[in-house]
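Enquirer: Just the structure for this:
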Amino acid sequence: MIRPEQVKLSADGAAGQSQQARVLHSHYLGSATRVVLDINGERLTMQERLPFGRHPKSGDVLDVTITTDSLRVIPMNEGHAS
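Expert: Numbering: from 1, shown residues only. This is a model prediction of the structure:
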């Protein structure tokens, strides 16, 4: 499971591996912008504080980094009775 705050715009020298992502949707929420991304056919959501006037539009390509230090793995059978 990847939470929106774990997906960040890549910066020079950022820890982690950068990926190119295509913007599907972008929603300004006041203090942050929620961006739905497509990375190699997978949809991820990024929530980021962006400077005024710098909100991505559908079709834009962004370099993003997923921080791995707080990833959570949920087993497929968790919560199901056997």
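Enquirer: What is the least confident helix or strand in this protein?
Expert: For the chain, counting by mean pLDDT, DSSP states H and E, strand 7-9 ranks last in confidence among helices and strands (a mean of 86).
Enquirer: Tell me where this protein has strands.
Expert: Remark: strands assigned in the chain by DSSP state E are 7-9, 18-28, 33-39, 42-48, 61-66.
Enquirer: Please look at residue 36 and residue 47 and confirm they touch.
Expert: No. Contact criterion C-beta atoms under 8 Å: residue 36 and residue 47 do not qualify, at 10.5 Å. C-beta: built from backbone N, CA, C; applies to glycine.
Enquirer: show me what contacts residue 64?
Expert: Residue 64 makes contact with 7, 8, 9, 10, 18, 19, 20, 21, 37, 39, 46, according to C-beta atoms under 8 Å, 6 or more residues apart in numbering.
Enquirer: What's the separation between residue 45 and residue 77?
Expert: Going from residue 45 to residue 77 by C-beta to C-beta, to the nearest Å gives 25 Å.
Enquirer: These two: which is more packed in?
Expert: Set residue 45 next to residue 77 and count neighbours by other C-beta atoms under 10 Å: residue 45 wins out with 17 against 8.
Enquirer: Spatially nearest residue to that one, not counting backbone neighbours?
Expert: In space, and not counting its chain neighbours, residue 45 is closest to residue 4: 4.4 Å by C-beta to C-beta, 6 or more residues apart in numbering.
Enquirer: Just to check, that neighbour is in contact with residue 33?
Expert: No. Taking C-beta under 8 Å as the definition, residue 4 is not a contact partner of residue 33, at 10.3 Å.
Enquirer: list the residues that contact both of the two?
Expert: With C-beta under 8 Å, 6+ apart, residue 4 and residue 33 have common neighbours residue 47.
Enquirer: follow-up on the earlier one: which among the contacts of residue 64 end up buried?
Expert: Those of the contacts of residue 64 that meet the buried threshold are 7, 8, 9, 10, 19, 21, 37, 46, by 16 or more other C-beta atoms under 10 Å.
Enquirer: shouldn't the first one be in contact with residue 39?
Expert: Going back to what we said before, that points to residue 7. No. Residue 7 is beyond contact range of residue 39, at 9.0 Å (criterion: C-beta under 8 Å).
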